[in-house]
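S.K.: the following block contains a protein sequence and its predicted model.
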Amino acid sequence: MRCVRDVMLPLDDVPVVREDATLAEAVGILEAADQSRPPGRPHYRAVLVTNARGQVVGKLGHLAFLKALEPGHEAPAERAALDRAGVDPELLGSIAGHRRLLEPSLEACCRRAAHTRVCDAMHAMPEALDEDTPINEAVTAIVRLQTPSILVRRGDAVVGLLRLADLYQVVAALITTR
C-alpha cells in the first residue's frame, strides 16, 4: 500500500523563504523554483516559511500573496489587537473600503510587496501528517482541512510537503486504470 512518503515532495525540493524576507523576495523564490521544476511535476503554488533556526513555521501560497497586497489587509497580530480593543468589524470593513477607493491601481498595491514581510502574510501550518500515513488517510486530511498542501513529518522533523496536485495525480491514475 502506498503512503505519503511515496507521493510527497521532499523538503529539499520545496521552495523556502525566511519569515523576515519581503513578499517581493518570496515571489522571486517561488518563480525561480517554478522555472527549474522537473518536467511533469506540477507547478509550485506556495513557498514554505522558516524561522531563524531553519524550522518550518508556515507557508505562503498564491492566495496569501494576493490577500497581503489588498489595501485593507492587516497582519493577524494587528487584527487580533483591534478585536481585543473592541473595534467594530463593520467599521474595519468600511475603512478597508475607503482605503481601496484611495488606492485603486494594482500597481500601487504591488508596490507593497517590497516592504511587506512574509511573517505578516503567511499561514501557520499546525497540521501535519506522518510520512507513513496511507494515501487514503492523506486524502481525507486534505479534504477535511480544505487545504492545497500539508506538511509531512518524520517524528518532530518536517521532511516534506504533500500537495493536493500530487494526491490528485495518484487518484486520477487509479481511476483511469480501473
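M.R.: Structure's in. What do you need? Since this is a predicted model, take the numbers as computed values, not measurements.
S.K.: got phi/psi on residue 23?
M.R.: Torsion angles at residue 23 (phi, psi; degrees, to the nearest 10) stand at phi -60, psi -40.
S.K.: these two touch, right, it and residue 65?
M.R.: Yes: assessed by CB atoms under 8 Å, residue 23 is found in contact with residue 65 at 6.4 Å. Glycine gets a C-beta too; all of them are placed from N, C-alpha and C.
S.K.: overlap in contacts, these two.
M.R.: residue 121 (CB atoms under 8 Å, 6 or more residues apart in numbering).
S.K.: the more surrounded of these two?
M.R.: residue 23 (24 against 19; other CB atoms under 10 Å).
S.K.: pLDDT score assigned to the more buried one?
M.R.: Each residue has a pLDDT score; the one for residue 23 is 94.
S.K.: ok, residue 107 next?
M.R.: pLDDT at residue 107 comes out at 82.
S.K.: quick check: buried residues in the helix or strand containing it?
M.R.: Assigning secondary structure by DSSP states H and E places residue 107 in helix 106-110. Using 16 or more other CB atoms under 10 Å as the test for burial, helix 106-110 gives residue 109.
S.K.: chain center to that helix: distance?
M.R.: 21 Å (CA atoms, centre = their mean, to the nearest Å).
S.K.: after it, which helix or strand is next?
M.R.: Using DSSP H and E, the helix or strand that follows helix 106-110 towards the C-terminus is strand 128-130.
S.K.: what comes up buried for that next one?
M.R.: 128-129.
S.K.: now for the helix or strand following that strand, which elements pack on it?
M.R.: Next in sequence after strand 128-130, counting helices and strands by DSSP H and E, comes helix 135-145. In terms of contacts (3 or more CB pairs under 8 Å, 6 or more residues apart in numbering; DSSP states H and E), helix 135-145 is packed against helix 4-7, strand 128-130, strand 149-154, helix 164-177.
S.K.: can you give me how far helix 135-145 is from the chain middle?
M.R.: Worked out by CA atoms, centre = their mean, helix 135-145 lies 17 Å from the chain centre.
S.K.: and that helix, what's buried?
M.R.: Using 16+ other CB under 10 Å as the test for burial, helix 135-145 gives 135, 138-139, 141-142.
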